[in-house]
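S.K.: no sequence for this one, just the structure:
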């Protein structure tokens, strides 16, 4: 999944699905001003860390329950991450590249890794550039400034 505006023709042609959103009604039109975002500093003590651990366990339990329900219906749960930035890529059976984590998750689920599990992969090439891989194939090399216009 790629989000943004003014997509290049080559990216649109490489995509399976393209959606364009248009403004119909927005709070700003009614005079609502932009509000400051919430900023979290990681160096602060986290008084709710224990609660977060419990929530993570609950999420994992819900995922296991969902996988079990799908298995009862004969469905296979497959790993999917629409966009990933990683230096570690794995090669699929058809020669495409996906993130190593998605490939390992697929193997753990006993399914063959596929480029559909990680359709967009960004592989950093330098401090200011990355290789853009769409559906397992190199689309282009982008520099930091150009990344916004892909």
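M.R.: Perfect, I can see it now. From a predicted model like this one, the values you see are computed outputs, not experimental measurements.
S.K.: which strands or helices does whichever strand or helix holds residue 104 pack on?
M.R.: Element membership of residue 104 [criterion: DSSP states H and E] is helix 100-108. Packing contacts for helix 100-108, counted by 3 or more C-beta pairs under 8 Å, 6 or more residues apart in numbering; DSSP states H and E, involve strand 89-91. Quick note: C-beta positions are derived from backbone N, CA and C, even for glycine.
S.K.: show me how far the strand it packs on is from its chain's centre.
M.R.: Strand 89-91 has its average C-alpha position 16 Å from the chain's average C-alpha position, going by C-alpha atoms, centre = their mean, to the nearest Å.
S.K.: report all helices and strands that it contacts.
M.R.: Counting by 3+ C-beta pairs under 8 Å, 6+ apart, the elements that strand 89-91 packs against turn out to be strand 97-99, helix 100-108.
S.K.: please identify the most buried of those.
M.R.: Highest mean neighbour count of the helices and strands packed on strand 89-91: strand 97-99, a mean of 25 (counted as mean count of other C-beta atoms under 10 Å).
S.K.: neighbouring contacts of that one?
M.R.: Residues lying outside strand 97-99 but in contact with it, judged by C-beta atoms under 8 Å, 6 or more residues apart in numbering, are 81, 84, 86, 88-92, 113-115, 117-118, 121, 123, 133, 136.
S.K.: that older thread, okay, the helices and strands packed on strand 89-91 in JSON lines with distance to residue 73 and mean pLDDT next?
M.R.: Compiled in JSON lines, these are given as follows (distance: least, C-beta to C-beta, whole Å; pLDDT from 0 to 100):
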{"stretch": "strand 97-99", "distance to residue 73": "26", "mean pLDDT": "90"}
{"stretch": "helix 100-108", "distance to residue 73": "20", "mean pLDDT": "88"}
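S.K.: helices along the protein, start to end?
M.R.: For the chain, helices defined by DSSP state H occupy the ranges 9-14, 49-72, 100-108, 144-147.
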